[in-house]
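J.: Show me how the following folds:
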Amino acid sequence: MKKNALVGALPLIAQMLGRKLGVKVEIGGAKAYTDGQTIHLPSLPLENRALEILANGFIDHEAAHLRYTDFTVSAPPGLAKRLTNLLEDIRIEQALGVDYPGSRHNLAALVDYLEQHPDESARPITEQPVAVQVLSTLHQLLRARVLQQGLLVPQADALDARLDALLPEGVVIKLLALAFAVRHAAS
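T.: Purely as a prediction, here's the structure:
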C-alpha cells in the first residue's frame, strides 16, 4: 500500500485519541483489533474516500479501546466473551463520542460503509448458528439505538422482530434490558 498523509498520521491520531504514547499501527491483517500497544488494521483500499472512511473509523474504534478498555481484566470464555466484547465496543464508542464528538461521524461512516460492502465470503446471517444471529442482531440494535448509527436505525424494528423469532417468549425483553444498560456503564 502506498503511503499517504492520512496513513502516516494514524499512529499520532491513535496516540491522541487513546491517550497513550508509543502506539504502533500495523496495516495488512485480516481484521481490526488492538492488544493495548499496537493497533492492527486490515488491508485498506487505495481509493481515497474508502481509505478515509475505513482508516478514520477503525483508528477511532481501536484508540477508544486504548483509552477506555482495561486490558488487565481477562475476558470470560466462549459466548460470554463475545457478548462482553460487543457491549464493550458500544460502551467505548459512546464514551469516545462524548470526549471527541467528531468520532461519532467517523464511526457511523465506518458502519455505513461496512453495511454497504459486506464480506462476500461470509454465510448469510440466517444460516449462522442461533447464538451468532442473536449477537449480530443485538450488535446492530445497540449501534442503531444507542449510538444512532446511520443505516441501522431504520432497520431497528425489523431487528427486534428477528430476535423475537429466534428466542423464547420473555427472553428478548430481559436480554434487551440488560444490553441497553450499557448506556450507563462506566467500565
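
J.: And for the helix or strand of the chain with the lowest mean pLDDT, what's in contact with it?
T.: Least confident helix or strand, the chain: helix 156-166 with a mean of 84, by mean pLDDT, DSSP states H and E. Helix 156-166 is contacted from outside by 130, 133-134, 137-138, 140-141, 144-145, 152, 172, 175-176, using CB atoms under 8 Å, 6 or more residues apart in numbering. Yep, even glycine has a C-beta here, placed from its N, CA and C like the rest.

J.: Name the residues of that helix that are buried.
T.: Of all the residues in helix 156-166, those buried under the rule 16 or more other CB atoms under 10 Å are Leu159, Asp160, Arg162, Leu163.

J.: Now distance to Phe180 too, for those, in JSON lines please.
T.: JSON lines is the format used below for the buried residues of helix 156-166 (distance: CB to CB, whole Å):
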{"residue": "Leu159", "distance to Phe180": "13"}
{"residue": "Asp160", "distance to Phe180": "12"}
{"residue": "Arg162", "distance to Phe180": "17"}
{"residue": "Leu163", "distance to Phe180": "13"}
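
J.: and which of these is nearest Gln116?
T.: Checking these against Gln116 with CB to CB, the nearest one is Leu159 at 17.2 Å.

J.: any idea whether the residue nearest the centre of the chain is helix, strand or coil?
T.: In the chain, the centroid-proximal residue (CA atoms, centre = their mean) is Asp89; its distance is 5.2 Å. Taken by DSSP: H, G, I helix; E, B strand; the rest coil, the conformation at Asp89 corresponds to helix.

J.: so what's it closest to, chain neighbours aside?
T.: In space, and not counting its chain neighbours, Asp89 is closest to His61: 7.3 Å by CB to CB, 6 or more residues apart in numbering.

J.: tell me the average confidence for the one helix or strand the one you found maps to?
T.: Using DSSP states H and E, His61 sits within helix 48-68. For helix 48-68, the mean pLDDT works out to 94.

J.: how about the strands of the protein, start to end?
T.: 24-29, 33-34, 38-42 (DSSP state E).

J.: Could you tell me which strands sit next to the last one in the sheet, and their orientation?
T.: Partner strands for strand 38-42, per DSSP bridges, with pairing direction: strand 24-29 (parallel), strand 33-34 (antiparallel).

J.: how about low-confidence regions in the chain?
T.: Along the chain, the parts satisfying pLDDT under 70 run over 1-3.

J.: hmm, what's the outermost residue in it?
T.: The C-alpha centroid of the chain is most remote from Glu169, which lies 28.6 Å away (CA atoms, centre = their mean).

J.: hang on, the earlier thing: and the helix holding His61 with strand 38-42, angle?
T.: Relative orientation of helix 48-68 versus strand 38-42 (axes from the mean of the first three to the mean of the last three CA atoms, to 10 degrees): 150 degrees.
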